[in-house]
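A.B. asks: curious how this folds, go ahead:
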Amino acid sequence: EDVNQGSVRMVFEIPSRGLLGFGPEAATLTRGSAVVNHVFLEMREHAGNLLGVAGDKGKLVSNASGKATLFALTSMAERGQLFVSPGDEVYPGMVVGEASRAGDMEVNPVKAKASSNMRTQAKDEKLYVPPARKMTVEELIAYMNEDEKIEVTPVSIRLRKAELDSGIRSRLARGKKSKIKAAREKKG
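C.D. replies: As a prediction, this is how the structure comes out:
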């Protein structure tokens with residue numbers, strides 16, 4: 001008699017921070033059939049960085065404030081997965097999507113369609129944006145990078161860069177790269 005009825009039980013010892021965001025991801029991957037249970041074992045020393053976390057993914061970062069437009073989001077949807085819908089309020093430094101490539105990409109989600117008096121069938125085609133990906137606080141904690149913050153308001157939960165100004169962000173990134181390069185040269 002098969003007691004498990006085709007199911008598999010896996011037992012792991014992992015740090016608690018490795019479980020952040022794992023429950024919803026496991027449920028999505030298994031179409032809701034996975035059951036995740038965890039029990040605290042003991043306190044241990046920090047074992048290093050976790051592999052395969054969302055820190056490897058690039059972000060689509062807004063460089064303008066206002067309401068996101070369907071026209072702008074349509075072109076942005078080709079670059080990655082969106083976290084905002086048309087009509088949502090955005091501001092500079094707010095993470096509005098996940099880029100398909102590594103590294104952050106500055107985008108303008110409030111760009112309006114250029115209006116003209118001429119009408120053509122090609123220009124007036126139907127615009128479509130896939131539904132925005134909405135994440136919980138737990139999923140955002142697992143997803144965010146070191147240079148990002150979670151903003152929780154009674155109306156929404158948003159991810160944003162710690163430094164909202166893009167110029168200062170790029171200077172900080174260059175400084176961080178030069179420090180890493182200097183440390184590698186010192187070791188080698």
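A.B. asks: who touches stretch 74-85?
C.D. replies: Identification of contacts with stretch 74-85 by CB atoms under 8 Å, 6 or more residues apart in numbering yields 58, 60, 68, 73, 90, 95-100, 105, 107, 109, 127-135, 158-159. (Each C-beta comes from the backbone N, C-alpha and C, glycine too.)
A.B. asks: gap between the two ends of stretch 101-113?
C.D. replies: Stretch 101-113 has an end-to-end distance of 26 Å (CA to CA, to the nearest Å).
A.B. asks: that one: which residues count as buried?
C.D. replies: Asp104, Met105, Val107, Asn108, Pro109, Val110, Lys111 (16 or more other CB atoms under 10 Å).
A.B. asks: circling back: selecting buried members of the contacts of stretch 74-85 in ChimeraX, what would you type?
C.D. replies: Of these, the buried ones can be selected in ChimeraX as follows, counting by 16+ other CB under 10 Å:
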select :58,60,68,73,90,95,96,97,98,99,105,107,109,129,132,135,158,159
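A.B. asks: so which of the buried residues of stretch 101-113 is the closest to Gly167?
C.D. replies: Proximity of these to Gly167 (CB to CB) peaks at Asp104, which lies at 13.5 Å.
A.B. asks: wait, that closest one sits on Val61?
C.D. replies: Yes - with contact defined as CB atoms under 8 Å, Asp104 and Val61 form a contacting pair (5.3 Å).
A.B. asks: now do the shared contacts for those two.
C.D. replies: Lys161.
A.B. asks: burial of Lys126, as a residue count?
C.D. replies: 5 (other CB atoms under 10 Å).
A.B. asks: same deal with Leu82?
C.D. replies: For Leu82, using other CB under 10 Å, the count is 24.
A.B. asks: for beta bridges, what are the partners of it?
C.D. replies: Applying DSSP bridges to Leu82 gives these bridge partners: Gly97.
A.B. asks: could you pull out the helices in the protein for me?
C.D. replies: Here the chain has its helices, by DSSP state H, at 22-29, 70-77, 137-143, 166-187.
A.B. asks: closest to Glu151 out of these?
C.D. replies: Going by CB to CB, the one of the helices of the chain nearest Glu151 is helix 137-143, 9.6 Å.
A.B. asks: show me the contact partners of the closest one.
C.D. replies: In contact with helix 137-143 (CB under 8 Å, 6+ apart) are residues 20-25, 53-54, 135, 150, 152, 157, 159.
A.B. asks: can you rerun that using 7 Å?
C.D. replies: By CB atoms under 7 Å, 6 or more residues apart in numbering, the residues outside helix 137-143 that reach it are Leu20, Gly21, Pro24, Ala54, Met135, Ile150, Val152, Ile157, Leu159.
A.B. asks: and those, which two are furthest apart?
C.D. replies: Ala54 and Val152 (18.7 Å).
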